[in-house]
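**Student:** coordinates only, sequence not included:
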């Protein structure tokens, strides 16, 4: 069982930056692939980025490439999402998710979810 807690969301102006964190409980964090998803009001949950259990492999949604950076610190049971050059369309509730084995872009493949952290970008 893994419990995930996100933090770091907030309100910023377009062009600004935020860094999200997701802390996982348990001793086996290093065995889990992690991902970030987001969901804007009235829209489907959207894949943002995923990172392998070791951190050696990442995969970004096209619209996030070059602006967002994912990293993880297995010693701290934490995965991060650095978001730069934020746009109003990045406004959403951001979730981290975990699964054993490899990562996927399909949110239905993830077993564990945090409660989400709100990111609001104003123009």
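**Tutor:** That came through, no problem. Everything numeric in this text was worked out from a predicted model, so none of it was measured.
**Student:** Helix, strand, or coil at the residue nearest the centre of the chain?
**Tutor:** Geometric centre of the chain, nearest residue: residue 36, 2.5 Å, by Cα atoms, centre = their mean. Under DSSP: H, G, I helix; E, B strand; the rest coil, the three-state class of residue 36 is strand.
**Student:** for it, which residues make a bridge with it?
**Tutor:** residue 49, residue 96 (DSSP bridges).
**Student:** burial measure for residue 81, as a count.
**Tutor:** Counted with other Cβ atoms under 10 Å, the neighbours of residue 81 add up to 27. Heads up, the C-betas are built off the backbone N, CA and C, glycines and all.
**Student:** and it, what helix or strand is that in?
**Tutor:** For residue 81, the host element (DSSP states H and E) is strand 78-83.
**Student:** For the chain, just list every one of the strands.
**Tutor:** Per DSSP state E, the chain carries strands over the ranges 4-7, 10-13, 18-24, 32-39, 46-51, 58-60, 68-73, 78-83, 92-100, 112-113, 117-122.
**Student:** Now do the longest one, average pLDDT.
**Tutor:** By that I understand strand 92-100. For strand 92-100, the mean pLDDT works out to 97.
**Student:** Tell me the helices and strands packed up against it.
**Tutor:** Here strand 92-100 touches strand 4-7, strand 18-24, strand 32-39, strand 78-83, strand 112-113, strand 117-122, going by 3 or more Cβ pairs under 8 Å, 6 or more residues apart in numbering; DSSP states H and E.
**Student:** my guess is residue 98 meets residue 31, correct?
**Tutor:** No: using Cβ atoms under 8 Å, residue 98 makes no contact with residue 31, being 9.4 Å away.
**Student:** Compare those two and say which one has the larger neighbour count.
**Tutor:** Using other Cβ under 10 Å, the more surrounded residue of residue 98 and residue 31 is residue 98, with 25 against 14.
**Student:** mind listing what residue 7 touches?
**Tutor:** 20-23, 117 (Cβ atoms under 8 Å, 6 or more residues apart in numbering).
**Student:** tell me the pLDDT at the closest residue to residue 15 other than its chain neighbours?
**Tutor:** Nearest in space to residue 15, with sequence neighbours left out and distances taken as Cβ to Cβ, 6 or more residues apart in numbering, is residue 85 at 6.1 Å. Note on residue 85: pLDDT of 97.
**Student:** Right, I'll leave it there.
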